[in-house]
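In: structure of the sequence below:
(one chain, ligands or ions: 3)
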Amino acid sequence: MLQKFSAFPGVPGPVVVIVMDGYGIPKLEVGSAIAAANKPTLDRLFAECSHISLRAHGTAVGMPSDDDMGNSEVGHNAIGAGQVYSQGAALVANAIADGSIWQGEAWQQIVAGAKAGRGVVHFMGLFSDGNVHSHIDHLKAMVAQAKLEGVKTVRIHAMLDGRDVPETSALDYVVPFEAFLAELSTDGFDARIASGGGRQNITMDRYDANWPMVEKGWKTHVLGQGPQFANATAAVNGLRASYPGTIDQDLPEFVIAENGQPIGTIEDGDSVVFYNFRGDRAIEITRAFVEQAFSRFDRVRTPKVTYAGMLQYDGDLKLPERFLVTPPAIRDTSGEWFSQAGLAQFACSETQKFGHVTYFWNGNRSNKFEGETWQEVPSDVVPFEQRPWMKSAEIADAMIAAIQSGQYKLLRCNFANGDMVGHTGNFRAATMAVEAVDLALARLLPVIEAAGGVALITADHGNADEMYELDKKTKQPSLNKDGSYKAKTAHTLNPVPLILFDKVTGGKLALNQTPTAGLSNIAATVANLAGLEKHAKWDESLLQVK
Ligand SMILES: O=C(O)[C@H](O)COP(=O)(O)O
Ligand SMILES: [Mn+2]
Ligand SMILES: [Mn+2]
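Out: Numbering: from 1, shown residues only. Ligands and ions are numbered 1, 2, ... in the order given. Sure, this is the predicted structure:
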């Protein structure tokens, strides 16, 4: 049981955690949609409330190095668990470095399965070094190992990124990779990219937001249907010529063919590795491969394959059953311990971030803890630069109703805007995204105050704070040939704010800026605000009681 906190009895009303996804603290004014936004509520919070900055990237959230930006998975894991675990990116890199991945039963079954069939292993996943969902070095290592172990044919199904890496960088990965594959393709070994497309266009949907994307991916990778090209370099060049101005993540699907025949359809007896380590955008395509009774779309044919995920993406659903590297065992999360303490919890976001405040928050578990209520607001299925307000108003409505119901001691929500619109690279839309969140806060905070509650307002990582690529040397925005700024779609390395909105204790509480303060300190801070000691495994609380 969580003990009573001796220094403070807890606020009378609810404790609300508000995650402004993708809201970092900008270093430069130029290129910051946050600096440019008209945001009177946030300005007032920063002027009047106790606030500090939190580390939200690199080793502070379990990434391999401090050069790694933060992301929603590791950010929400850290916030919800109150602890930092070595995350998928680090676990896979280690398992490859020490060779343990090749000794695992799953890898051996992938190789043996292929050898018993046509000798074909397919690798499918996000094709970049973003290290958010995947890393191209992991793919390289697997292709080389497959050759070493006598696999005859490797086919790669590559989702072009441009979202965790620069927006038109696909050829920086495709060209050297096709050269690497050509060099390896000797002695009867044949490895080629067989299909692909923009990651926001095919295969990598999440949280059931847009299954037709996954269907398009299935048709491309499995059935070999789509516009044909001779190789992936030609495909990227050809698609760019046909769709000028389209950034990598949005490029259409492509199929590599010889004499009109696709070179890499997926057939009975093949092995398939989905090599993303992160689960949210891996679950739907995985279900299409492993579920016998599957009704989301007509698969046309369902090849009998040996399928493995890089990790197990959902521990509750055991999805998939076969995986190459064991995921971090995230235990003793705040959701679980607050549930055991008998506190009712409410979690809300729109579809695009719904799993972030539920599945990621609870340590990549899809089941609720007792006393939890989850509310999903359906997201629009449109390019978000066209609707930068997204569902901020509806999330605020749901939160206000939940607070006013008086049923919940702990509430949490995620406003997707800064992140989802930040990823489009559209500066104007990103300022509107920040403004929409500001408006939602303006409605939500008085309701929290009226209920005798407090709020912690924070973010999981930066994005809208830096909308232009920065030159590595000068750290100033890079320019396109025409003199315009180079749009940046990825997350940032900037810290994020933690603001304590407290109008109920008469100034008794403040936040402590410790040198290591990070996202994993939020759970203990929430516990103290609710009048409870933190769990022994959670990182320190940042609450100061005067
Ligand atoms: O999946 C995505 O949209 C990006 O790769 C990362 O964004 P997120 O970590 O904020 O979800
Ligand atoms: Mn995020
Ligand atoms: Mn993001």
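
In: what residues sit buried inside stretch 240-256?
Out: For stretch 240-256, the neighbour count (16 or more other C-beta atoms under 10 Å) marks 240, 246-256 as buried. Every residue, glycine included, has its C-beta placed from N, CA and C.

In: and that stretch, average pLDDT?
Out: The average pLDDT within stretch 240-256 is 98.

In: shift numbering so it begins at 41
Out: Noted, 41 is the first residue going forward, which turns the last one into stretch 280-296.

In: does it reach ligand 1?
Out: No - applying C-beta under 6 Å from any ligand atom, one finds stretch 280-296 separated from ligand 1 by no less than 8.7 Å.

In: ends of that stretch, what's the gap?
Out: Stretch 280-296 has an end-to-end distance of 16 Å (criterion: C-alpha to C-alpha, to the nearest Å).

In: now it, how far from the centre of its chain.
Out: 23 Å (C-alpha atoms, centre = their mean, to the nearest Å).

In: tell me the one of the buried residues of stretch 280-296 nearest Leu533?
Out: Distance to Leu533, by C-beta to C-beta, is smallest for Gln289 among these, at 20.4 Å.

In: got a list of what the closest one touches?
Out: The neighbourhood of Gln289, defined by C-beta atoms under 8 Å, 6 or more residues apart in numbering, consists of 200-203, 207, 238-241, 463, 529.

In: which single residue in the chain comes nearest to ligand 2?
Out: Ser112 (3.1 Å; C-beta to the ion).

In: in the stretch 391-540 of the chain, which spans are helices?
Out: Secondary structure of the stretch 391-540 of the chain by DSSP state H, counting those that start in this stretch: the helices cover 391-395, 432-445, 457-462, 467-490.

In: list the buried residues for stretch 333-348?
Out: Applying 16+ other C-beta under 10 Å to stretch 333-348 flags 339, 342-343, 345-348 as buried.

In: quick one, domains of this protein?
Out: The chain is divided into the following domains under automatic domain parsing: 55-126+370-585, 129-349.

In: quick one: average pLDDT of the first one?
Out: When pLDDT is averaged over domain 55-126+370-585, the result is 98.

In: check whether it comes into contact with ligand 1.
Out: Yes - interface with ligand 1: domain 55-126+370-585 contributes 61, 111-112, 459, 463 (C-beta under 6 Å from any ligand atom).

In: out of these, flag the one nearest to Ile488.
Out: Comparing those against Ile488 with C-beta to C-beta places Asp61 closest, at 19.4 Å.

In: so who does that closest one touch?
Out: Neighbour list for Asp61: 112, 393, 396, 454-460, 499-500, 503 [criterion: C-beta under 8 Å, 6+ apart].

In: out of those, flag the one nearest to Val151.
Out: Using C-beta to C-beta, Ser112 is the member of the contacts of Asp61 that lies nearest Val151, at 33.2 Å.

In: pretty sure that closest one contacts Phe400?
Out: Yes - in this structure Ser112 lies within contact range of Phe400 using C-beta atoms under 8 Å: 6.6 Å.

In: need the overlap of contacts for these two.
Out: In contact with both Ser112 and Phe400: Asp320, using C-beta under 8 Å, 6+ apart.

In: sorry, back to before: can I get the helices of the stretch 391-540 of the chain in CSV with mean neighbour count and distance to Tyr247?
Out: Below are these laid out as CSV (neighbours: other C-beta atoms under 10 Å; distance: least, C-beta to C-beta, whole Å):
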stretch, mean neighbour count, distance to Tyr247
helix 391-395, 27, 5
helix 432-445, 19, 15
helix 457-462, 31, 12
helix 467-490, 22, 19
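
In: which among these is found nearest to Asp542?
Out: Taking C-beta to C-beta, helix 467-490 is the member of the helices of the stretch 391-540 of the chain nearest to Asp542, at 8.9 Å.
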